Structure formats: C-alpha cells, structure tokens
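>>> the following block contains a protein sequence and its predicted model.
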Amino acid sequence: MASKRLTIVIKLGTSSIVDENTHEPILSILTLIVETAAKLHRDGHNVVLVSSGAVGVGLRRMDIDERPKHLPRIQALAAVGQCRLMSLWDGLFSHLRLPVAQILLTRNDIADRTQYLNAQNTFAQLFDMGVIPIVNENDTLAVSEIKFGDNDTLSAITAAMVKADYLFLMTDVDCLYTANPRHNPDAKPIEVVTDISSLEADVSSAGSSLGTGGMSTKIVAAKLGTSAGVTTIITKSSKPGNVHEIVRYLQQTEQLDLGSEESSGSPDLPTPPPLHTRFIPSETPIQSRSFWLLHGLKPRGTLYIDHGAYSALQKKAGLLPAGVLGVEGHFGQQEAVRLVVVEKISPDALNGEFLHHGQEPKEVGRALVNYGSSEIIRIKGQRSTHIQSLLGYADSEYVALRENISFTQNNDSPRH
C-alpha cells in the first residue's frame with residue numbers, strides 16, 4: 001500500500017540550534033535536521049521548518065555576549081542574524097541538492113484575509129516545486145502589537161495554514177512528564193494526550209536565555225494545532241532523527257489499522273518509536289476561515305453579549321445590536337473583537353460594571369464587526385430598524401455577520 005503524502009512542520013527553537021553560551025550555530029544538530037528533512041522529502045512528504053535563531057546568530061556575528069533589552073537593538077541583531085542563518089540553511093541543504101525558501105511573517109501579514117490566502121498559495125507552490133520553506137517571525141519589523149509572541153505559536157498557525165498532518169515541537173526533553181524528571185525519579189512520561197484541558201504534566205521548563213518559549217508555550221501551540229486537525233508532537237531537539245522514525249511508525253500503524261479492517265490475520269507490529277508526546281487532533285477541527293478569525297487576527301476590543309444573542313449565533317444567525325450589552329476598547333469597522341457572554345444589566349449601567357457581578361464572564365469566540373466601537377455603543381440594545389435614525393446610516397442590520405464569527409472550540413454555553 002503506497003504511503004500517503006504528508007505535510008510536516010518542524011519547529012526548532014533558538015536553544016536547539018544555537019549554543020546558549022558561545023552563540024555559535026550547533027552544526028551537528030543542524031546537519032541532522034537537514035538529513036531528516038531530506039529523508040522525509042525523499043519519502044514524498046512536504047516539509048516546512050519553522051526556525052528561530054536569528055537574534056542568537058546576530059549576537060555571535062557582532063560579538064555581543066547577552067541578548068539586549070532595547071527593542072531596536074534586538075531587531076538590528078535579528079536583521080544581521082537572519083541572513084546568516086538562511087545562508088547556513090541554504091548551504092547545508094544545497095549539499096543534498098534541496099532548494100529552500102525564506103518566509104518571514106508577522107501577524108500583520110496574515111491579518112488581511114487576502115494576504116493569508118496568498119501565503120497559503122505560496123506554500124502550495126513551493127511544495128509543488130519541491131522546495132522546503134523555512135519560516136521565521138520577522139523580528140526586524142515586529143513590535144509587540146504584531147508579534148506572534150513566540151515561534152511555537154507561529155509554528156501552530158503555519159501548520160494550520162498549510163493544513164499540516166504533523167507539527168513537531170522540538171525541545172530539550174523527550175516528552176512531557178507527570179513531574180520534572182530532573183528532580184523526581186517517579187516522573188512518568190506522558191506519551192499520548194487526547195484531551196489537553198485535562199492534562200496534568202510538569203510544564204515548569206521556562207526556555208533558554210536566548211529563546212522566548214518554554215514548555216507552557218508548547219502546550220498552547222498544541223491546543224492551536226490540534227484544534228485545526230494537526231497531530232502535534234513534542235520530541236527531543238538533540239535527536240532530530242526521531243521525527244523520521246515517529247512519522248514512519250505512525251504511518252505503519254495507520255496502514256496496519258486499515259489492513260486489520262480488511263483482514264482477519266494478525267500482522268507484525270511496527271518497532272516502537274523513540275519516546276515522544278503525541279497530542280491527538282480534534283475530531284471536529286476548526287475550518288480554515290474560522291481558524292483565521294480566531295488566531296490570525298489580534299482582537300482590538302470586546303463585545304459583551306447576552307445569552308439570547310449567543311444562542312441565536314449558535315443557530316447560525318448574525319449578531320444583532322439588540323443582543324449587545326456592552327463595548328470595551330476602541331476599534332473600527334472590519335476589525336476583530338472578542339465575544340463575551342454576560343448576564344443582562346440595566347440599560348444605564350456603565351460599560352464594564354457587569355464584570356464584577358455573578359460568574360466570571362467567558363470569552364466564547366471572535367468576530368469581525370460591521371461597525372466601529374463608537375457606533376456600536378450608540379446602537380447596542382436597540383432594534384436593527386433604529387440603526388438608521390441613531391447613526392444616520394445603516395451599513396448592515398447586523399453588528400457582525402455570522403460568516404464573520406467563529407467560536408472557540410468545545411465551547412459549552414455559559415450558564416445563566
């Protein structure tokens with residue numbers, strides 16, 4: 001039976017590829033990563049690397065001992081380091097006659113739906129051409145407002161964008177453990193996670209002095225990846241060959257499962273793979289547009305809505321002004337906002353007063369709004385037929401169209 005063509009995203013942190021003390025690239029690991037990517041490519045799979053390390057390489061190039069605190073200086077070092085990092089990747093892959101491409105992203109690059117789709121199309125073309133894309137956050141331009149925050153999050157968004165089958169998060173441990181194995185000899189490995197919300201693991205690893213992530217950011221990335229239908233795997237960065245072995249094992253297991261349905265025999269089981277933690281993807285993954293609404297856009301404010309509006313949205317209706325109880329933040333038309341369900345409040349209550357009554361309000365999703373914050377404040381709680389008289393115009397009867405609303409996954413209706 002022919003193996004399925006997979007799309008595999010491999011995320012490498014700075015500490016995986018740059019020595020924390022000397023800031024020199026760890027050539028032995030870089031070479032193993034390239035060999036692993038080449039093997040996967042030869043097996044017919046699409047491979048994407050999400051590679052940190054520009055600032056670390058920049059520090060080495062400029063003979064600076066510590067990562068600076070001043071943002072423009074960090075961005076300047078990223079600019080110096082990024083070209084050297086790509087040169088290094090290109091040189092190593094060229095030995096195996098594999099072309100690579102550089103893709104630098106910020107949230108701004110994917111906040112526009114057209115640009116998001118263009119990025120998807122670019123990845124698809126690179127795969128067709130047999131090219132390995134190497135993705136990094138554009139640290140030269142990124143400020144806190146448009147940063148992904150860490151490359152774990154970037155890798156999960158990239159995996160969703162390319163509709164990946166697997167996302168590998170390379171780290172300094174083999175897998176997640178029930179406790180810190182360095183301090184607790186009774187720590188047990190967690191090999192498969194079916195429900196991240198019930199995960200009980202030690203996530204105290206805080207990342208290196210060069211990197212920005214730790215184990216907790218990998219859990220967040222796993223939530224994003226699995227919600228989009230991507231099997232997410234944590235494994236040891238110093239053993240990149242694990243990736244190829246794990247993929248082969250999972251493919252063989254899948255083929256055996258398919259074969260056992262057609263045959264009553266008991267086929268030989270594949271050799272167990274290296275230790276890793278595998279997060280099982282959602283059986284009802286978020287669709288591409290919904291994922292983009294939830295994770296590709298930075299929310300600029302919050303709409304507080306009542307339970308009636310929330311129920312109507314779940315039945316595929318749009319958000320009417322009558323269901324909006326409050327507005328927080330300053331935003332314009334077609335910007336993203338959080339949707340939070342709260343109890344009804346008196347019409348003359350100030351925005352935010354209801355935050356202190358009853359249950360903690362719960363964010364249930366995101367929306368692209370048809371009106372800015374100042375307009376929604378004037379029309380909230382009113383019938384759609386009153387929009388014209390209140391604003392002097394009526395672009396839409398809805399504050400947000402249903403197609404521009406996405407709910408967070410496995411979101412239970414908040415209780416009254």
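Yep, it's here. Numbering: from 1, shown residues only.
>>> tell me which helix or strand the residue lying closest to residue 408 once chain neighbours are set aside sits in.
The shortest distance from residue 408 to any residue that is not its chain neighbour, by Cβ to Cβ, 6 or more residues apart in numbering, is 5.6 Å, and that residue is residue 365. The way it works is simple: take the backbone N, C-alpha and C, and place the C-beta from them, glycine included. Under the criterion of DSSP states H and E, residue 365 resides in strand 362-368.
>>> show me what that strand is packed against.
Secondary-structure packing of strand 362-368 (3 or more Cβ pairs under 8 Å, 6 or more residues apart in numbering; DSSP states H and E): strand 336-341, strand 405-407.
>>> centre of the chain versus stretch 22-39, how much separation?
Chain-centre distance of stretch 22-39: 24 Å, with Cα atoms, centre = their mean, to the nearest Å.
>>> any idea how far residue 326 lies from residue 130?
If you measure residue 326 against residue 130 using Cβ to Cβ, to the nearest Å, the figure is 53 Å.
>>> between the two, which has more neighbouring residues?
Each of residue 326 and residue 130 had its neighbours counted (other Cβ atoms under 10 Å), and the higher figure belongs to residue 326 (23 against 10).
>>> which parts of stretch 367-376 are buried?
Buried positions in stretch 367-376, judged by neighbour count with 16 or more other Cβ atoms under 10 Å: 367-373, 375-376.
>>> for those, which one is nearest residue 56?
residue 368 (37.3 Å; Cβ to Cβ).
>>> hmm, the closest one is touching residue 294, no?
No: here residue 368 lies out of contact with residue 294, judged by Cβ atoms under 8 Å, at a distance of 11.3 Å.
>>> domain-wise, how is the chain divided?
For the chain, the TED database gives the domain ranges 7-290, 299-407.
>>> how far out from the middle of the chain is the longest one?
The chain centroid and the centroid of domain 7-290 are separated by 11 Å, computed with Cα atoms, centre = their mean.
>>> can you check the last one too?
Averaging C-alpha coordinates over domain 299-407 and over its chain gives two centres that are 26 Å apart (Cα atoms, centre = their mean).
>>> with stretch 278-291 instead?
11 Å.
>>> can you give me the buried ones in that stretch?
Residues of stretch 278-291 classed as buried under the neighbour-count rule (16+ other Cβ under 10 Å) are 278-279, 281-282, 285-286, 288, 290-291.
>>> any low-confidence regions in the stretch 201-350 of the chain?
Low-confidence segments of the stretch 201-350 of the chain, defined by pLDDT under 70, are located at 201-214, 257-268, 344-350.
>>> let me see the ranges of the helices in it.
Ranges of helices within the stretch 201-350 of the chain are 215-227, 241-262, 288-291, 307-314, based on DSSP state H, counting those that start in this stretch.
>>> identify, out of these, the most deeply packed stretch.
Per residue and on average, the most neighbours among the helices of the stretch 201-350 of the chain fall to helix 215-227, with a mean of 23 (mean count of other Cβ atoms under 10 Å).
>>> who are the packing partners of it?
Other elements packing on helix 215-227 under the criterion 3+ Cβ pairs under 8 Å, 6+ apart are helix 151-161, strand 166-171, strand 231-236, strand 277-279.
>>> make it 6 Å
Counting contacts by 3 or more Cβ pairs under 6 Å, 6 or more residues apart in numbering; DSSP states H and E, the secondary-structure elements packed against helix 215-227 are helix 151-161, strand 231-236.
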